[in-house]
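**Student:** structure for the following, please:
(2 chains)
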Amino acid sequence: KAGVTQTPRYLIKTRGQQVTLSCSPISGHRSVSWYQQTPGQGLQFLFEYFSETQRNKGNFPGRFSGRQFSNSRSEMNVSTLELGDSALYLCASSLGGTENYGYTFGSGTRLTVV
Amino acid sequence: AQTVTQSQPEMSVQEAETVTLSCTYDTSENNYYLFWYKQPPSRQMILVIRQEAYKQQNATENRFSVNFQKAAKSFSLKISDSQLGDTAMYFCAFPIQGAQKLVFGQGTRLTINP
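**Tutor:** Predicted structure coming up:
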């Protein structure tokens, strides 16, 4: 079966712009979570959605937001980009409520802010 | 708060050797799970092995096995007969119960030399 698909793979944006990243989970998975990966901070949890509802949110400013659609696809939006937002953004899906069985990750979107 | 610590930023071994990656964690929970993820240059986070804390037996997946010491809160990964394709970043991860998120260690960059 198809894995977790993230688009685009690479993105270059200018400071002050906004960006939208997309994640399509594994078919049947209803939970989608997002992580930011940087060399300095490592992997940090952004938020998690289940059945179109945000269930948990990490410690990120309000410029970071997300949503989930009825088909479980999720988007993440970052407004007013800052240089420090340059990172690899990873999406993970799971059945939801069964995170103990592990999450399946996508290959990420590499965002560069210039 | 749950924390995960990987004390080896980098490791390097020769092909066919055995290597052990260390991980310690802190939690007040009694029943939980632990994961090791591998992130090759392709960037996709791949689940290597999963351990259930209430199980005494250490998990094994082919060449990968863990040494789980619950009292010591230690969860090391052993890779036997290492292969060039094992070259990657390895992350120890702890799912926060009920919070639908993973807490990751800082990662260990493993290089397998021919």
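
**Student:** three-state assignment of the residue most central in space within chain A?
**Tutor:** Nearest residue to the geometric centre of chain A (Cα atoms, centre = their mean): A:W34, 3.2 Å. In three-state terms, and counting by DSSP: H, G, I helix; E, B strand; the rest coil, A:W34 is strand.

**Student:** number of nearby residues for the nearest residue to A:L111 once chain neighbours are set aside?
**Tutor:** Using Cβ to Cβ, 6 or more residues apart in numbering or on different chains and skipping residues adjacent in sequence, the residue nearest A:L111 is A:L11, 4.9 Å away. Placement of C-beta: from N, CA and C, glycine included. The tally of other residues near A:L11 (other Cβ atoms under 10 Å in any protein chain shown) stands at 15.

**Student:** ok, now A:C23?
**Tutor:** A:C23, neighbours per other Cβ under 10 Å, totals 28.

**Student:** now swap in the one 4 residues further on and tell me
**Tutor:** The burial metric for A:S27, expressed as a neighbour count using other Cβ under 10 Å, is 10.

**Student:** from chain B, how far out is the residue lying closest to A:D85 once chain neighbours are set aside?
**Tutor:** Nearest-residue entry for A:D85: A:V113, 5.2 Å, with adjacent residues in sequence omitted and distances by Cβ to Cβ, 6+ apart. Using Cβ to the nearest Cβ, to the nearest Å, A:V113 is found at 18 Å from chain B.

**Student:** quickly list what A:V113 is bridged to.
**Tutor:** Counting by DSSP bridges, A:V113 forms beta bridges with A:K13.

**Student:** that one and A:Q18 touch, don't they?
**Tutor:** No - A:V113 lies out of contact with A:Q18 (Cβ atoms under 8 Å); the separation is 10.9 Å.

**Student:** if we can go back for a sec, A:G108 is in contact with the residue nearest to A:L111, correct?
**Tutor:** No - with contact defined as Cβ under 8 Å, A:L11 does not reach A:G108; the gap is 10.9 Å.

**Student:** re earlier: what residues are up against the residue nearest to the centre of chain A?
**Tutor:** The contact partners of A:W34, taken as Cβ atoms under 8 Å, 6 or more residues apart in numbering or on different chains, are A:23, A:45-48, A:66, A:74, A:76, A:89-92.

**Student:** and the residues you listed near chain B, which?
**Tutor:** For chain B, the contacts drawn from these by Cβ under 8 Å from any Cβ of the partner chain are A:45, A:48, A:90, A:92.

**Student:** phi, psi of the second one?
**Tutor:** Reported as degrees, to the nearest 10, the phi and psi values for A:E48 are phi -140, psi 140.

**Student:** tell me who's in contact with it.
**Tutor:** A:31-34, A:54-57, B:100-101.

**Student:** and those residues, which are buried?
**Tutor:** A:31-34, A:55-56, B:100-101 (16 or more other Cβ atoms under 10 Å in any protein chain shown).

**Student:** least trustworthy position among these, going by pLDDT?
**Tutor:** Lowest pLDDT within these is found at B:Q100 (80).

**Student:** test my guess that that residue contacts A:R30.
**Tutor:** No - when contacts are counted by Cβ under 8 Å, B:Q100 is not listed as touching A:R30 (11.1 Å).
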